[in-house]
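# compute the structure for the input listed below.
(chains A and B)
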Amino acid sequence: MFDVFAAALIEIATRPDLLGLSLTGVMVGIILGALPGVSSTMALAILLPLSYAMPTDAAMVFLIGVFSSSVFGGSISAILINIPGTPGAIVTQFDGYPMAKSGRAGEALSYALLASTVGGLLGLAILSIVAPLIASAALQFRSPEFAMAAIFGLTMLAYASPGSTFRGILVGCIGLIVGMVGFDKLTDVARFDFGTRVLQNGIDIVPLTVGIFGFAEVLINLSSTNQPITHVARINRIFPPLASLPKLIAPMMRGSLIGTFVGAIPAAGSAIAVALAYAQEQRLSKEPETFGKGAPAGIVAPEASNNACVGGALVPMMTLGVPGDTMTAVLMGALLLHGLRPGPLLFAENPQMVGTIFGSLFFAILLTLVFGFVAIAAIIQFLKMPRHILMVGIATLCIFGSFAVRNTMSDVYIMIAFGAVGFVMNKLKLPTAPLAFGLVLGPLLEENLRRSLIISRGSWSVFIDRPISLVLILLSMAALLYPLVGLYRKNRREQTGREI
Amino acid sequence: MDNDAGRNQNNAGLDLGVAVFFLLWAGVGWVSIATNSSLFSGRATGLDPGPALLPIITLAILTAGGLALTVSPVRKWMSASRRIRWKSDLNWRPIGFLACVVAFPTIMHAIGYAAATALFVFFWSFALAPNAMQRPRRTLAIATIAAIVTTLLIYVGFDLVIRSRLP
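All right, here's what the predicted structure looks like:
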């Protein structure tokens, strides 16, 4: 695997077009990630259509540049204006903003940037070691395991989504239905099409993701009457004192390890990883009282963890074909758009593409470091852009982006419809991520479910006869039942309290 | 106590909304299945369970889930004052914006993408600007710049670079 990785690194380094795309992705990713109201997933979703016309390797280089750098971008607004640009930057503001307020904004940004680089590289190193091993083990997977892996991915996302797991599962079911719109691949029977040609073509991943992660967010932003006035802290000195760095190595390493492992759990997400990394650092610190007041360790640990999550989240996507989080679900959509299905077979049949993904991530991390230091003063000017103009611009990008993939207006209407659905779901406090997961995992689930039943001559016991499939079923059931146990305990406590 | 009752009524409204949302999807799905005779026409041959299997399982879960979610708001309604309070925090800005976006493709076909984009961005950059009426000249200038820059970006990105066939 390392020779493929090395070959991809040389390929990217020696091709100006790929390097240029990586740098463009990094620049756009940092800027979009830094803007409040634009999440990493939204950045990736609205830029996904632009990658459609590119060759697959170029598209991956560009999108991974956006994916990786937007994570650091989210920390810029967390540090400078106390509004996290991405969910993974929520914890960074605890110490980043107080440090910025005390006139050390440049130092805080540098700590975040250095920690992002360390976390990103460690996450990539673990990804490149672990992923081929898991993929080779996953080659033993057959249809029942793949079907149950898809169910496991959906259940875990529903479990990790805000609100109830049960509602998350139901949203996932809607995603599955949306994924079944159009002709069935095995029998050519049209489903959920209502006799319309628009729906017979099926619902493409691009208008759906652009709609629910892009356009819906624009509508949500417009519905908020309190548009915060942005006061950006002054940067002053950029480089932190060298003497402060050695004692931050351990927090960075601990944060990176936490981030990689949490990121690798399907759907766990960076918000959980950063919270764990911060809590761990505060617990281990000799000066826990400095946390929340501008402690450098309170910035570097979550930042390293946040960026290590990128590598971690790619593990389940690349090895099992199950996205690790919403961003990797969009990235998986990009691979599907280019005719590639992530999973163990990708390692066996297309190792060059695996190498390109690893190589792209490596360059994205390095270019984020370079661009971050060189252009930080220019980047923060974007934070002063009026929010309403940004939202109008993004809406325009959503319209043209969804049109551009198949050059059809019906995709624009589908995007608008899913934007409206995402907006309604936000008002109903329902998670939108399982919808995209359902769409991405639906075909994998259906194909393998039916194939399993064909092989077993209609016997459903095939799913419990095979040990890995059984384990995945048990894990999915645990994720479903655990919240019920919690609810039962809470009710009992309340009843006992009332009796007393 | 009154606050608790009010909160309960609001929650009941939201929970009922959630249940209706899922039941609507399920209802549309069932209608589609019921009116699709080819789904059960035996084109699924041999041991293949057929194209109707997963849709039926998924819709059954969605229907059962939606119905289960109606239980809690109905119980709250029964135990409270038999009124569900609909929390109305709806803002008309996103609805107007959405309506305009729905009309956008039609306008684009009529006057071309460049003019439609410029008009759309100009109008909404002005309409959404805070204190637009206090500083109309400044707001108009910003809206004009936003319209020109956005249209140029769309032209470069989609027309020149990825050669999309924009109307």
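
# for the residue nearest the centre of chain B, what are its contacts?
Nearest residue to the geometric centre of chain B (C-alpha atoms, centre = their mean): B:Leu98, 8.7 Å. Shown in contact with B:Leu98 (C-beta atoms under 8 Å, 6 or more residues apart in numbering or on different chains): A:219, A:416, A:419-420, A:423. The C-beta positions use only the backbone N, C-alpha and C, and glycine is treated the same way.

# kindly recompute the last result at 10 Å.
A:215, A:218-219, A:222, A:395, A:416, A:419-420, A:423 (C-beta atoms under 10 Å, 6 or more residues apart in numbering or on different chains).

# considering those, which possesses the most neighbours?
Counting neighbours by other C-beta atoms under 10 Å in any protein chain shown, A:Phe215 leads the contacts of B:Leu98 with 32 neighbours.

# please tell me how far that residue sits from B:Gly65.
Per C-beta to C-beta, to the nearest Å, A:Phe215 is found 26 Å from B:Gly65.

# for B:Ala129, same thing?
B:Ala129 is 43 Å from B:Gly65, by C-beta to C-beta.

# mind checking which of the contacts of B:Leu98 land in helices?
A:218-219, A:222, A:395, A:416, A:419-420, A:423 (DSSP state H).

# just put those residues in a markdown table and tack on pLDDT and distance to A:Ala160.
Output for the ones in helices among the contacts of B:Leu98, formatted as a markdown table (pLDDT from 0 to 100; distance: C-beta to C-beta, whole Å):
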| residue | pLDDT | distance to A:Ala160 |
| --- | --- | --- |
| A:Val218 | 91 | 25 |
| A:Leu219 | 92 | 24 |
| A:Leu222 | 88 | 28 |
| A:Ala395 | 93 | 29 |
| A:Ile416 | 96 | 28 |
| A:Gly419 | 95 | 24 |
| A:Ala420 | 96 | 25 |
| A:Phe423 | 94 | 22 |
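
# can you narrow these to ones near chain B?
A:218-219, A:222, A:395, A:416, A:419-420, A:423 (C-beta under 10 Å from any C-beta of the partner chain).

# what residues go with each domain of chain B?
Chain B breaks down by automatic domain parsing into domains covering B:2-79, B:92-161.

# the ones you listed: lowest mean pLDDT?
Lowest mean pLDDT within these: domain B:2-79, at a mean of 84.

# distance from that domain to the middle of the chain?
18 Å (C-alpha atoms, centre = their mean, to the nearest Å).

# which residues in the stretch 151-300 of chain A form helices?
Along the stretch 151-300 of chain A, counting by DSSP state H, counting those that start in this stretch, helices occupy A:165-180, A:197-200, A:205-209, A:216-223, A:249-264, A:270-284, A:296-320.

# most tightly packed of the ones you listed?
Of all those, helix A:296-320 carries the top mean neighbour count, a mean of 32, counting by mean count of other C-beta atoms under 10 Å in any protein chain shown.

# distance between it and the chain's centre?
For helix A:296-320, the distance to the chain centre is 10 Å (C-alpha atoms, centre = their mean).

# swap in stretch A:41-52?
13 Å.

# hmm, that stretch in reach of chain B?
Yes - Stretch A:41-52 lies within reach of chain B by C-beta under 10 Å from any C-beta, at A:47, A:49-52.

# which of these ranks first by neighbour count?
A:Pro49 (30 neighbours).

# excluding sequence neighbours, find me the nearest residue to that residue.
A:Gly401 (3.6 Å; C-beta to C-beta, 6 or more residues apart in numbering or on different chains).

# which residues does the one you found contact?
Contacts of A:Gly401 by C-beta under 10 Å, 6+ apart are A:45-50, A:52, A:206-207, A:209-210, A:214-215, A:394, A:411-412, A:415, B:154, B:157-158, B:162, B:164.

# picking up where we left off before, tell me which of the domains of chain B lies nearest to A:Asp3.
Of all the domains of chain B, it is domain B:92-161 that lies closest to A:Asp3, at 33.8 Å by C-beta to C-beta.

# number of nearby residues for A:Val354?
As a burial measure, A:Val354 scores 24 neighbours (other C-beta under 10 Å).

# in chain B, which helix is the longest?
Chain B, longest helix under DSSP H: helix B:2-34.

# buried residues, that one. List them.
If you call a residue buried by 16 or more other C-beta atoms under 10 Å in any protein chain shown, then helix B:2-34 has these buried ones: B:8-9, B:11-23, B:25-26, B:29-30, B:32-33.

# same check, this time on stretch B:103-121
B:104-105, B:107-108, B:113, B:116-118, B:120-121.

# out of those, which are inside strands?
Secondary structure from DSSP state E places none of those in strands.

# and which of these is nearest A:Arg450?
Nearest to A:Arg450 among the buried residues of stretch B:103-121, with distances taken as C-beta to C-beta, is B:Pro105, at 37.2 Å.

# tell me what the one helix or strand A:Arg493 maps to is packed against?
Taking DSSP states H and E as the criterion, the element that holds A:Arg493 is helix A:467-499. Secondary-structure packing of helix A:467-499 (3 or more C-beta pairs under 10 Å, 6 or more residues apart in numbering or on different chains; DSSP states H and E): helix A:143-160, helix A:165-180, helix A:462-465.
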